[in-house]
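Turn this into a model:
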Amino acid sequence: MKQGKLLIFARDPVPGQAKTRLIPALGEKAAATLHARLTRRTLASACSVEGFCVNLYCTPDSKTPFFRQCREDFPLDLHLQQGADLGQRMQQAFLSALKDTDQAILIGTDCPELTAEDLRQARAILEQHDCVLGPAHDGGYYLLGLKQAAPQLFCDIPWGGNQVAQLTRARIRELGWTCQELRLLHDLDREEDLLRFRQIRTLKSLFPDPR
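Residues are numbered from 1 along each chain as shown. Now for the predicted structure:
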């Protein structure tokens, strides 16, 4: 297999600006700490998979102490997310990555259930199909892998809503592409997600004391 690129989107874990939907339950500092731990957990899984060049796409700045520490601790390159909305930022990341590789996979840091084996499976799927999608229970997706960056996949999508995966599937069909999906997983975005993940013994260390 030719080396692919793994694109990871992450926000700087600044209290009050990270995991904002969890602030009512955790407080600003604990929500930011949780986001930092989720990011590092995702990086550890990503960097354990052979055959990927890992690229961490940062916002709002790639030169913060947290992101510099990530670069010191993990074999990755830092990039700044560019674009007016999430769709534009994702499209730009794919366009840049696919200039010098034949496959790229994009993930966020909000899915504690995502494993290195899921990433290996996604990479293998791209050897046989045009794209791979990792659907989330909330109607979005936690992973998208492509061989080319079609604008249709990123324009006029209600990001954060429960129709994202469904609309993306429709756009993929319109393009005439073959696509295979990974297992359905949960993101950790909302207060109702906290109880589910806190009950998983192997994930308990992610959660700081609230407030």
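
ok, and for the particular helix or strand that has Pro24 in it, which residues are buried?
According to DSSP states H and E, Pro24 maps onto helix 23-26. For helix 23-26, burial by neighbour count (16 or more other Cβ atoms under 10 Å) applies to Ile23, Ala25, Leu26. Quick note: C-beta positions are derived from backbone N, CA and C, even for glycine.

now that helix: mean pLDDT?
For helix 23-26, the mean pLDDT works out to 94.

okay, it in CSV with CA atoms only?
Output of helix 23-26 as CSV, limited to C-alpha atoms (Å, rounded to 0.1, in the frame of the first residue of the first chain):
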residue,chain,number,x,y,z
ILE,A,23,-19.8,23.3,30.0
PRO,A,24,-23.1,23.3,31.8
ALA,A,25,-22.4,19.8,33.1
LEU,A,26,-18.6,20.0,33.6
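
Distance check, the most centrally placed residue in the chain against Lys99.
Centre of the chain computed as the mean C-alpha position; nearest residue by Cα atoms, centre = their mean is Gly108, 1.5 Å away. Per Cβ to Cβ, to the nearest Å, Gly108 is found 22 Å from Lys99.

How about Gln163?
Gln163 sits 31 Å away from Lys99, going by Cβ to Cβ.

helix or strand right after the biggest helix by length in the chain?
Counting residues, the longest helix in the chain under DSSP state H turns out to be helix 28-47. Once the chain leaves helix 28-47, the next helix or strand it forms, by DSSP H and E, is strand 52-59.

List of residues touching that following strand?
Under the criterion Cβ atoms under 8 Å, 6 or more residues apart in numbering, residues 3-12, 43, 46-47, 62, 64, 67, 70-71, 74-81, 89, 93, 97, 101, 105, 119, 123 lie in contact with strand 52-59.

again with stretch 168-177
His129, Asp130, Cys131, Leu133, Tyr141, Leu144, Ala150, Gln152, Leu153, Ile157, Cys179.

Pipe those residues into a markdown table and attach distance to Tyr57 and secondary structure per row.
Listed next are those as a markdown table, based on distance: Cβ to Cβ, whole Å; DSSP: H, G, I helix; E, B strand; the rest coil:
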| residue | distance to Tyr57 | secondary structure |
| --- | --- | --- |
| His129 | 24 | coil |
| Asp130 | 22 | coil |
| Cys131 | 19 | strand |
| Leu133 | 19 | strand |
| Tyr141 | 16 | strand |
| Leu144 | 13 | strand |
| Ala150 | 19 | coil |
| Gln152 | 21 | helix |
| Leu153 | 17 | helix |
| Ile157 | 18 | coil |
| Cys179 | 23 | strand |
